[in-house]
Structures are given as structure tokens and as C-alpha cells.
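Undergrad: with the sequence up front, the predicted model follows.
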4 protein chains.
Amino acid sequence: MASQTKLKILNDPIYGFITLPSQRIFDLIEHPYFQRLRRISQMGLSYLVYPGAHHTRFHHALGCLHLMQKAVRILKYKGVKISEEEEEALQIAILLHDIGHGPFSHAMEHSIVEGVDHECISLLFMEELNNNFNQSLTLAISMFKGEYERPFMNQLISSQMDMDRLDYLRRDSFYTGAAEGNINSERLITMLNVVNDELVVEEKGIYSVEKFLIARRLMYWQVYLHKTSLVAEQLLIRVLRRAKELIDDGKKVECSSALNYFLNNKVSRESFNKEVLAEFARLDDYDVVCAMKEWVKCDDFVLRNLCSMIINRDLLKVKIKKKKPSPQKIVKHINLLQQKHGLSEHEAGYFVFSGAITNLAYKKEQNNINILHKNGKINDVIKVSDQLNLKALSKTVVKYYICYPKSED
Amino acid sequence: MASQTKLKILNDPIYGFITLPSQRIFDLIEHPYFQRLRRISQMGLSYLVYPGAHHTRFHHALGCLHLMQKAVRILKYKGVKISEEEEEALQIAILLHDIGHGPFSHAMEHSIVEGVDHECISLLFMEELNNNFNQSLTLAISMFKGEYERPFMNQLISSQMDMDRLDYLRRDSFYTGAAEGNINSERLITMLNVVNDELVVEEKGIYSVEKFLIARRLMYWQVYLHKTSLVAEQLLIRVLRRAKELIDDGKKVECSSALNYFLNNKVSRESFNKEVLAEFARLDDYDVVCAMKEWVKCDDFVLRNLCSMIINRDLLKVKIKKKKPSPQKIVKHINLLQQKHGLSEHEAGYFVFSGAITNLAYKKEQNNINILHKNGKINDVIKVSDQLNLKALSKTVVKYYICYPKSED
Amino acid sequence: MASQTKLKILNDPIYGFITLPSQRIFDLIEHPYFQRLRRISQMGLSYLVYPGAHHTRFHHALGCLHLMQKAVRILKYKGVKISEEEEEALQIAILLHDIGHGPFSHAMEHSIVEGVDHECISLLFMEELNNNFNQSLTLAISMFKGEYERPFMNQLISSQMDMDRLDYLRRDSFYTGAAEGNINSERLITMLNVVNDELVVEEKGIYSVEKFLIARRLMYWQVYLHKTSLVAEQLLIRVLRRAKELIDDGKKVECSSALNYFLNNKVSRESFNKEVLAEFARLDDYDVVCAMKEWVKCDDFVLRNLCSMIINRDLLKVKIKKKKPSPQKIVKHINLLQQKHGLSEHEAGYFVFSGAITNLAYKKEQNNINILHKNGKINDVIKVSDQLNLKALSKTVVKYYICYPKSED
Amino acid sequence: MASQTKLKILNDPIYGFITLPSQRIFDLIEHPYFQRLRRISQMGLSYLVYPGAHHTRFHHALGCLHLMQKAVRILKYKGVKISEEEEEALQIAILLHDIGHGPFSHAMEHSIVEGVDHECISLLFMEELNNNFNQSLTLAISMFKGEYERPFMNQLISSQMDMDRLDYLRRDSFYTGAAEGNINSERLITMLNVVNDELVVEEKGIYSVEKFLIARRLMYWQVYLHKTSLVAEQLLIRVLRRAKELIDDGKKVECSSALNYFLNNKVSRESFNKEVLAEFARLDDYDVVCAMKEWVKCDDFVLRNLCSMIINRDLLKVKIKKKKPSPQKIVKHINLLQQKHGLSEHEAGYFVFSGAITNLAYKKEQNNINILHKNGKINDVIKVSDQLNLKALSKTVVKYYICYPKSED
């Protein structure tokens, strides 16, 4: 009886509705570990460029769940055998695939949780939940790890055209309004099929796959690697590093207890035990932003200014180049800044830096997208495309950036 | 030259693009007072019901600016004279009309900034900005206050079919996915006209106005007054009141310096000077949520549990009734709770309470919507509608709610 | 094997995809009787007002099929038992529910096929198809006729919130661009349920039902009864009547053989046998429009001018009034016209006429929409709505029109 | 006064509204030459594949008018000088650019109006209208012909990213539901600029241009050259050729007077005088489809069967190959058909044929798309793209098809 009164259908601006297929899925979503994803933005600081980009990892996970249900329905309609256990495991695995993300993941992985990636933490969360849910997540975990005997199930969760990408590209395009990145997830799913337990795309879907790859590449250059997001993220990395540095030097740095834990303790993959996980589960965007707001008024010149740049969206100047900037240029800007504000070289270096960004639209020989021809043959999509040089998409493009204070230009 | 490199066109998922019409508008948007709106959610805690509802007051203000540009263009096309100064003043006034909102405004106005509404604070911000911008906002402020000689200009900013409503209903419907509340703002604008400096809707737009009023009413019941949002907001009011109470009792309550200011100082309309405004400008959603996350681990039973309910979305039970709940029922639940947890009546009262919600779809005799007939006559829309009993919409509907802990049911 | 190569998934701009659920459905769609619907516009001459309104009855029928699949899936998800035979019968019945429509149905029913409505012809087509399909349509026909023992199945096909309306309101709104008439068919379907084999809407759907009724009413006034469509349709009725009159008078009137049959033979419900049906199956929009194009050059003043008005969109003047126009006014315009062109009163009457239009948004006591409350009670929607006076929607609104030549004004 | 009552704003499902900017534009649209476009489908027989594709050339022309207004507004906003006369001429030229299209243009140009392309007829119509409109179209005609001194004005009307393409790709994608072909016309327009009176796209628009080219290519393969549309069009060419052949042989072939004219008279570019133009203006889709419907019952085996295939959508089998089919294969199918139905080789050839289709996504060195870099340099887009091999898009791709009766397979 009780279950009837529980929420079963959720609104989604993109798909209309998301239906929760079972009580177990419902209970997983209600768990504080999952609810926490409501407080973690999917796109980090991108909202500084795209004011609509405030959607969360919580919402993305639900979107993936929806697409997985669609995919399973289509595959079954085409005659692929999928048992009820497998179906629920697929749903659980995709629902939880990103549960290990912390706030501003990329920035954190380059500062306070160095060397521990979110996939690894996702698995820790899943195992913890598995204990709480009577070991009913075991099959899902096996699929997530790619250990299950039917490869297409892992490919639906993690490959170059998995439910994750089909949702996030669509969702990020929707919320940013970067309409060129829009992909038609539901159409792509109708073109999926399974041959010998491997995921394939039917031949008629080839133009749709091409467009999916092009849209993905476009989203990278135009949105994910947008120079303003880039500089904001680089500043955030430096904010966290500086805070840690000040603490290591014995300075007092005000922040929430959850963030404080990670500023004061060095964590590694090995040391990431249950206790660390519990602390990690308390950490979200609010801790980080709130700390920056506080630090805008702190004593340290470096930390104060880095935070103010992000909070008031008054960022460093950033230039994107095809060539690596010369070390002399960096030195020149650092020297200027040192003189102007009486900073050490180390301190000035927080405001002047360079780096590389790379974009690879399609990875060859790894979770590739296979096309099923009418005659039964199967080929990698880049070998099939008749005109568009998809091979070009499998080469990594590298660009370089340099950042320095505006006033020094 | 410099201005050319500045951002002039912003992405918007709803309207496609928002063009910034002038350097002054651009500079206003860049001001920290305005950037602060990026950190204030438009719909407060509604995301607990509608996972997509994370859009901000920043985005809404830009949407209003866009609609105002549309409205001015249409009115000019129809021959209404609007000078360049008036046009910019309209843009500034609508851009800043909500700048006085704090985090979770409604909750704050019932707890830590009692008696100071956001319109009043908006005006304070505008006046402060006017000083910073060489008094160039004077005409805009006059329009905002309804003091300008051409009433339709104030009506575009503040009336029952102003640019504010035309944007927020559309935007809230879009982000929540509550598609029934969707209104076609751009169509409604094409039907506007001006007669004797008063705003009117052309006769052919009557069905569209009806639908706008119905959609608005629907959004109230289904979204703004959704029982889950309602209970979450009531809990938040009690979180802030309890924190203040503990501080008044001399207890230590950890929170950000900005929030701390308002928990420790009683502000009123009279005492709301420049200094208070500066503190207020530092306050946003992040302070409030971060505090609640911290308080989940605090010593006080009441504060700890109230916060945990919101953070982990494990809310009180809420029932909506047509009749006022009996005092006995409240007392019964309070007693149960006292016994169970050894609380005082006052403490237990934080978890058991009732109240009323009201919904008035159309206010008669105040900023009413006038229809311009082909024969030149002008009538209030509720006198015109041929079949749909719009008069009914001008009666206030009251419903009652009662909230109490789930486990006691 | 052969079936694999056949088309199974169709594109639809509204729903994305329409899946054909079985070979039998596919074969029915391939039948010339059904293919013929590709040449019958859903909205007749409305494209003279809404240039996008060229969608066909073929497309609408497919849309209904899609919604029926959705509805069945939702109801099953909620535990309603529906057998495979019933499911296919529902699909067939909704697919064929409008197959009896001729070109410009309303105009034809008032001219060359007077007294034979399209429901009656639909049934004749279904019975004919039943013979061709091994009597496999018998259950569908029984549902269509409302004779099947489970009433909700007929209600899904024909009631005040059936799949027919849920598709055509959505589709007509989409193609006309009259966005205010837009309804969210898929949402409404998720709120359906079945109690005692009767269709109900769950309580939470009440605002959506209200909005559906309001949108429907709006579509009537703004689109279906738009004065320009109205006058065009009235002209078409007179074109067909005049052509028939001329033929009865022994004049030669060029047209296609299919149209010729109906201009030369009086058909009635009784005489509508297989042979007549075969002729009817050859008739579509192309016969009617092509004839009018030809008649633009014919000798008869009346026919020539009526046709030219439609073809060149140079229509009569039309006025909509709340009161019936006085007979004197009609006579005055007829006299003017007689003098100007030397016409008889009968002939002039083709260009001067009046009539009534009625709009009833909700019919009480006939296929009403029932709301299922959380406490299990079931009520008619108009008794439930708290504020909006839905009772008003169940009163017929009558308006009057008068048409006469432009130049005479 | 009179002008006020005239229609000024049209609904459009894609852009919301289309505003008619002047009385002259309004009068041009009212002219029977333009109204005729309401009866000419934009996509010919494509509705046999995409049931939604019934939109007309009338609607497309209005869409182009809308985009031209947008483009002019954006360019003026960026400081490009455009006089009122130039603005109206641009509007007129784009409105009328396709007015010379006949029904199923491509099929007609390969049968009954061989050698006279629609651009040529458009010009004849424009000149005729210019006479009717007091020579007020002279500047528009000069722009249309590419003779006006400011090249970007012609480029807006006719180039590889003109308003024509920006509307038809968007519109065809919308109505077919082939969502992958969707382009964001309005975004692309915001990226336009003018340098030395030449049209350019600003650097930041490069990914959007790439996507536009990819989408266009996709629309060609997936929609315009879809094998079912292809075979239907080829059949239509043969229908018209056969009808002409029968008439040349002295057989009686029933059809409308307008079509009859073109079946009985050979027209060429030289002989296309005013009289021919008047006949051409009477010809539209209805003549052609109505004739086919009639011919389904005619005596000639070839004509009867060709028509039936289209009308009942029971088409020939079609195969797309990378290599040219061997003549032997054609001969084999022809022989089979001759034996089966006792046809001559010539007659059987109507049902068995092959041909080539070509697709060129981007033409080098002709109306190319130029990118304006931030440093002021201008380059062809294919030289700029960093990763995607756009050069590949400038190579023509050829595929071959072969068609023959289904039953012979």
C-alpha cells in the first residue's frame, strides 16, 4: 500500500516524463548519497558563460535512467533477449554511474583529491549501497565494471555512444541553449541493435551517428572548452591549491567542515576508505562556492583575488593559440605582476599560467561505434562514412591557452 | 574599441538569444550586485519537486530585458512614440526590478529580514547603482516607482501582464517541465497596444489572455504552491528562526559571515541603510544551504532535524484540506512528538504546524488587463470574456495545510 | 523474411517516431483506402488563414495510433488488464476511426453527400476491410460501435478526452502555429486510469484537464471557426451546390470522373452501397480543388466567381455578431448585387448569406470526463474544479455571421 | 484606413510570427501569381516517405521574408548601412525568388517543360509583376540577377548560406521530422557580417557553419535523395512523358485544361512568352495529381500502371549502389516484364531504368562561405576548419540506382 503513494513519475523538461520502474530504483534515488547529486552542478562553472547551465548530476542520472528504459524497450522489440534481472541491473548501473562525482570534479581532481578519479569513487559508493540494499546491486556492479558476460550491456553504460553521452550532450545543449550541440537521443536509440551480444547501429543510422560525433566535437570546442569556462576552472584549481597551501603553512582558512576535511587531509586511492567516503558524501558545490565567498574578504592577497575573480565574474584574460606560448611571455607577465603588487614569483604565478586543451571526437579501437550493414557485415563507423572524413575526427586536436591579469594587457 | 570585444549576445534556451542593447546595460549586468543574482535561485526549493528548476534570478532578469525589447519594438511598429531615453529606462527598470531578492526570499521575509520586502530592497539597490552610474538611472527609477507620466511604461514593468510575469511563467514552466503552465510570451506581446498612454490588449488577443490567466492559476496550484515545495519552505523558515533563537540564547551557530550578520542583527525597513545593504549584497543561496549542511551535525535536536529534512529530502508529511485543521489535531501531534523525543511544546511546535495558502488568479481593480475592441472601446478582460467565467478567477481561493512528522502518522 | 524489409518506424514531427506494432496494422495502412487519406487535408481550407495547416487525415490517424499505444502501455503499467487481442483491436479501431472522411467533409455533408456523415462511412469502410482481412477487424468494429463489454475501450476511441482529440488538437495547434491551443497529449495520457472498466483521470490531472478544455475551446474560436475559414467553407458549399444545380439544369460542368459521380447522383444513407463506396474511395481534395480551378474559367457567373474567390483567396466580407443579422440587411446586399451584375435573386443569394456558429467546450452527460479522487470517489470534472467555472463551458455559445461581397461595403 | 484592417501578422509554426513589413509586400502576396504557390508543395512527392511533408512554396517564401528581415536587422545593428529602398528590395527579391516553381518542378523540367528552369520563370514572373506594380520591383530584380553594386545583397538572396537555404533546410527538417537536418537559422544569421560589401560569417560562427554544411548533406542523403522519393519522382517523370507520347500519337488523355496545354505544346526558353506564362500560372500540384488519379482508370497499360504506383504508393523496387548497374541487368528485367505483360521493349522500359544521384555539400569557388577572423583576415570556410575535413565536402559523391517491378525480384 505505502508504495502507491510514493512518487513514481517525474517531470523532465527534455523527455516530458521520467518513469521510475521499480521500488528499488525509487529507494536508491531517495538515499542521501543520491540526493546529494542535487547539489552538484553537471557543468561546473559553465554557467558563467551560459546562464542557463545550472542543471545537476541528479537530473542527468535520471535522464540516463530514462534513456536506458527506452533502449531496453527498443532492443526487446527487435528480438534481443534481456531478462528482468538484467533489465533492472542496467537501470541501476546507469543511475549510479556518476554517483562518485564531487563538486567541480575536474578542478578537485587537480587539487584536493588528486589521483582519485570519479569512476573509482562511484564504485566505492555502489559497493557501499550494495551493502545497504541486501547485495541486490551485484549484477549492476558487474556490468558497470565491464565484467558481465554480455558486452552490449556494458556498452549501453559506457562506450562512445552510451546512454550517458546520449543524455548529457542533449541535456547540456538544452540548458545552455547551445542549440548546435543538440542531438536526438531518442532517434539514435531506435537505431541500436545487438549482434553476438555486441552493440551495433543499423546502417540507416549512419548519418545520425556522424551528426552525433560532429555535435559532440562542437560541444567540446564551443561549450566544455569555452575559454571563459576554462579560465574559471583553472582559477578554481588555484583557489583550492592556495587554500591548501595556506593551511599547510599553518594559516587559518575558514570553510565548512566537509571542505575543511579535504583541505587538511591528503587523500589517495589507497587511503580512500569508508570514513573518507562518508566525508566525501558531505561535500558539494555549496561548500566550495560558500568558501570562495568567504575568502573574498580574507587576508591573503592571492586567495582573496582568485576568489573575487570567480565570484564577481571578473576573470583573467585568456587567449587560445595553436602554438605553445613562449616561456618568456609568461615570465614577462609574472614580473609585471610582481612589481605591481609586490608579490613573490610563486604568488604571481597563481595569476599567470598556460596550458593545453585537447579534443578527440572519436577514439579508434576503444569502445568504437559499429555499423551493421544490411548484408550483415559490421564495420567501425569511421570506415563506413562515404564522404565526410571521419578519420579526421579520430585525431586529437591540441590548442594552447595563456592566462594573465586583464589590466596588464 | 574595447567595447567591441565585450559580450553582446547571450544564449538563452527559451528565446534563443538575448541581445544586450547598450554599453550601460552591459555594465549594469557586470556589476557585482547584479552578478550576485547568478547565485539566487528563481524558484527556491521547488527543485525538490521539479529537478530541473535550478534557474536563477540572473537569467530571469535577462529574459525580462529581452521581452521588453520585443515589446518596445512592437509598440513602435504600431506607431506608439517611445524616445530613446524612455526605451533605455524601460530596459534598465525591468532588468533591475528584482535585484532586491535575497536567497529564498519568501522564507527570509518570514524569518531573518521580517518586514522588509524585496521591492523595497530593489529600490535601495537601484539608488545605490544610480550613484555609481552618474545618475543615469533616474528615469528608470521613476518608471519603476510608477511616478513617470506615461502609465503604460510602468505597466510594462509592473502590472498583471507585465514583462516580469511574461518571462517568469514561461521560464518556470520551461525549467520545471510543467508544460501546462507554458505561455506564449512573444505572441501576447504582439497583441499589446497603447491608448492614451495606457497599455491595452487588442481584441483578437482575448483568448490568449484567458489562457495566460488560466496558465498562471495552474502554475500556482501545481508548481508554486505544490505541497512539497510548501513544506520545504515552511521548514526553511523554521530553520532560520531556530538558528536566530539559538543565537539569541547565546548558543554558537556556525555559518558564513554574511548569514551570521542577519542572524545576529535585527533589521527593519528603517534600519536598512547602506551598510546593511552591503551585507545583504553578500548573501545568497550558498550561505543558506551551506549553513543547513553544517547544522545537520549540530547539537540542537530541532535545528539538526529540520536541516536534515531539507538536505536529505526527507520532509514532513503534509496534507492539503479545504477546511482549517482543528487545534486538537495539532495538539495531538505535538504531544506525540514531545513524548517520543522528550521535547518541550515549543520545540515540538517546529515540526507540527498548519497554515493557509491562497491563490488569486486575477486582481480586479488593480493593474487590470484591458481589452481594446475594434470599435475603440476599452474594457476589463473579465467583463469581456464570452463564456469562460473569468469573474470566478478574481475570487481568492484559500486552502489549508497541516504538517507533521511522517513516523507519527 | 519479407516483413523485415518493410517500413516499421515512421517519422513524426510531433512525437518523434511512430512505431507500427504489427504486420496487420502495416497492411491496413498500405491499403488504398487508407493511402487515400494522404490526399485529404485534416483542416480543409484553414490553410487560407494558417499557411502551415496542410497536414492530412493520414498523418492524424497515425498520430492517434501512437497515442493509443502510449495509453495502453500506461494503463498496463498501472495494472489494468488488456489482452493482446484487445490491444490490437484498440489500435485498429483508432487507426480507422476517421477513414470515412471525404474531402472537405463538412462542406460535402452540406452539399453533395447530404445526410451521410463520416462516422457512417467509416463503418462501411471498416466492414469492407474486415472482409478483405479475414474478419480480423471484428473486435475493433465492435469497440468502434461502442458495443464491446468494456466501456473504457470505446472511451479511448470516442469520448471527450479520447485519443482522437488528444491527437488532433495537438496536431492542429502544431501545424497552424496557434500555440495557445497546444495540449500536452502525452501528459494527459499518463494521468488516465481505469476503474470498473470506465476511463478516469487521476485527481492530480485536474488542472491539466481544465487546460485541455480551455485549449479546445480556444482552438474552436481562434482556428476552427475563424471567420476566414468559415467564409471559405461556406463558399465551397455553394460551389458544390451550384455545380450540382447547373448539372441538374443540363449544363455541362467539367470535372474529374469521381467528383462527376457525386454531382450527378444523389446519395443517401440507404443508397450508400458497395458501389457508391468504391466511387467515394476515389474522391479526395484534388478532385474538388482541381474542379474549382477549372471552373474559374467557366461560363456561369455564379460558379466562376465563387471558385475564383477561393482559388485566389479573394473572399467575401464576413462579420461576426452576437445578434442575428436582420433580414433587411441581407435583402439590401442581395438587391445591390442584383443591380450591379444583373443577377436573379437566387443567383445573388450565392454571395450574400448569414448563419450561426456554435461552440460547446464540454458536453455534460455524454462521454463525460471523470476524475478519480485519492479517496476513491469519482466525479464529473465540472463538479470538481475549485475555482474556474467549468459549468460555464458546458453552455453552448452561439454567434452569427453575415457574408457579402467586399466591393459593396 | 483600409490598410489597417488588412492582415499584417501571419502565424508560423517555426518562427512564431511573420510580420509583413509594408503594404507593397502585402499586395504582392495577395496577387494570384503568389497565391498560386499555396498549391505547390515544397517537397513534391516526399510525403510518401515523410507524412508530414505537405508544406508549400508559399510558406517557404514567407519564411525567407522573415529571415531576411532578421538578417537586415542584425546587419544594421552591427553598423552596416542599408537604405530603406535596399531593405524593401531585399524583402521583395527573397519573397519572389522561387515564384517560378511549377508543380513537382524537377519532374516537370525533365518532361513537359524541358530546358526551362524555374529561375528563368521566376524572372519572367517578377518582370510581369514589375509592370503591374509601377516598376517598383526594379531594384529587387537587379539584386536577384546579381547586377546590383553591393554583392552582399545578392549573397543574402542567393549563395551557399542565403536566406533561401536557411529557411528551407529548417522548414523541411521541421515538417519531415528528420530532426538531424535541423539547423538554427536564427543563430547563423546573428553571426553574419559585411566587409567591403561582401557577406562574411564571424569567426565564432565557424562550428555553426560546419554543422550547417553537415546538416545539409545529411538532408540530401536522408530526405531529398531518399530512395522512395527518388523512385516516385522518376515514375512521375515517366507519367508525364508517357502522357505526352500518347497525345503525340493522337490518343485522348483526359486532364485539366492547364495541364493539357503543356502536354500539347512544346515550350522552350525562347517560346516562353507572356501567353505561356499565363498558362503556366494556372498549373499546380492539383492538375498533376488529379490527372494521375484519372489515368489510373485509363486504357494504356503503361500510363495506368505508372499512375497507380504513385497514387496507391505501391512503387517500383529501388536499389542504391556505389557502382553503375550493368546493362545486362536492365535488359534482363525488361525482358521479364515484356514476357509477363506482352509489352514492347519501349513500353517495358518505363518500368525498368537506372540513373545516378549526386550530392555536393559545398561548392568551392562559387558563392563560397567566408569566415571573418578576429584579426580581420577573411578565408573560405573549408580552409579554416581545424579538424573536420571540410575539403571532403567539396567533392561530389555519386551513387547509382536501379528500379524495376517488385514482383520480378
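TA: Received the coordinates, thanks. All figures in this text were calculated on a predicted structure; none of them were measured in a lab.

Undergrad: rest of the way, CA atoms for contacts and neighbours
TA: OK.

Undergrad: alongside chain B, which residues does the stretch 1-150 of chain A contribute?
TA: Contact residues (Cα under 8 Å from any Cα of the partner chain) of the stretch 1-150 of chain A with chain B: A:10-14, A:16, A:30-32, A:35-36, A:38, A:50-52, A:54-56, A:58-59.

Undergrad: which among the residues you listed end up buried?
TA: Neighbour counting with 16 or more other Cα atoms under 10 Å in any protein chain shown marks A:10-14, A:32, A:35-36, A:38, A:50-52, A:54-56, A:58-59 as buried within the residues of the stretch 1-150 of chain A next to chain B.

Undergrad: and the spatially most distant residue from the centre of chain A, what helix or strand is that in?
TA: Using Cα atoms, centre = their mean, the residue of chain A lying farthest from its centre is A:Q339. It sits 39.3 Å away. Assigned by DSSP states H and E, A:Q339 belongs to helix A:327-341.

Undergrad: quick one, grab the pLDDT at the closest residue to A:N305 other than its chain neighbours.
TA: Counting by Cα to Cα, 6 or more residues apart in numbering or on different chains, A:N305 lies nearest to A:V296, which is 6.9 Å off, once chain neighbours are set aside. pLDDT recorded at A:V296 is 97.

Undergrad: next up, phi/psi of A:V296, please.
TA: phi -60, psi -20 (degrees, to the nearest 10).

Undergrad: quick one: residues contacting A:I310.
TA: By Cα atoms under 8 Å, 6 or more residues apart in numbering or on different chains, the residues touching A:I310 are A:A232, A:L235, A:L236.

Undergrad: just checking, it is part of a helix?
TA: Yes - judged by DSSP: H, G, I helix; E, B strand; the rest coil, A:I310 forms part of a helix.

Undergrad: for the stretch 51-200 of chain A, which residues are neighbours of chain D?
TA: By Cα under 8 Å from any Cα, the residues of the stretch 51-200 of chain A that approach chain D are A:A179, A:E180, A:I183, A:N184.

Undergrad: let's go with 7 Å and repeat that
TA: The stretch 51-200 of chain A has residues A:E180 near chain D, with proximity defined as Cα under 7 Å from any Cα of the partner chain.

Undergrad: what about the residue of the stretch 51-200 of chain A found nearest chain D, how many residues nearby?
TA: For the stretch 51-200 of chain A, the residue closest to chain D is A:E180, as judged by Cα to the nearest Cα, at 6.6 Å. Neighbours of A:E180 under the rule other Cα atoms under 10 Å in any protein chain shown: 23.

Undergrad: now swap in the one 3 residues further on and tell me
TA: Other residues within reach of A:I183 by the criterion other Cα under 10 Å amount to 27.

Undergrad: ok, the nearest residue to it once chain neighbours are set aside to A:G177 distance?
TA: Nearest residue to A:I183, sequence neighbours excluded (Cα to Cα, 6+ apart): A:R170, at 5.5 Å. Distance, A:R170 to A:G177, by Cα to Cα, to the nearest Å: 10 Å.

Undergrad: same thing with A:R269?
TA: Look at A:R269 and A:G177: by Cα to Cα, they are 37 Å apart.

Undergrad: equivalent analysis for A:E233, please.
TA: The gap separating A:E233 from A:G177 is 21 Å, by Cα to Cα.

Undergrad: please say which of those two ends up with more neighbours.
TA: Remark: of A:E233 and A:G177, A:G177 carries more neighbours, 23 against 20, as counted by other Cα under 10 Å.

Undergrad: what about A:I18, is that helix, strand or coil?
TA: Under the three-state scheme (three-state DSSP), A:I18 adopts strand.

Undergrad: can you tell me the closest non-neighbouring residue to A:L343?
TA: Nearest residue to A:L343, sequence neighbours excluded (Cα to Cα, 6+ apart): A:L337, at 7.2 Å.

Undergrad: what is the burial count for that neighbour?
TA: Using other Cα under 10 Å, A:L337 has 23 neighbouring residues.

Undergrad: that one contacts A:A348, doesn't it?
TA: Yes - counting by Cα atoms under 7 Å, A:L337 touches A:A348, with 6.1 Å between them.

Undergrad: and for A:N359, the neighbour number?
TA: Per other Cα under 10 Å, the neighbour tally for A:N359 reads 18.

Undergrad: circling back to that earlier point, so how far is the helix holding A:Q339 from its chain's centroid?
TA: Remark: helix A:327-341 is offset 34 Å from the chain centroid, using Cα atoms, centre = their mean, to the nearest Å.

Undergrad: how about stretch A:259-270?
TA: Relative to its chain's centre, stretch A:259-270 lies at 21 Å (Cα atoms, centre = their mean).

Undergrad: is chain B within reach of it?
TA: No - for a cut-off given as Cα under 7 Å from any Cα, stretch A:259-270 has no contacts with chain B; the smallest distance is 10.8 Å.

Undergrad: ok and the residue in the stretch 51-200 of chain A nearest chain B?
TA: Counting by Cα to the nearest Cα, the stretch 51-200 of chain A gets nearest chain B through A:G177, at 3.9 Å.

Undergrad: not counting sequence-adjacent ones, nearest residue to that residue?
TA: The shortest distance from A:G177 to any residue other than its chain neighbours is 3.9 Å, reached at B:P13 (Cα to Cα, 6+ apart).

Undergrad: right, and that neighbour touches A:Y175 too?
TA: Yes - counting by Cα under 7 Å, A:Y175 is a contact partner of B:P13 at 6.1 Å.
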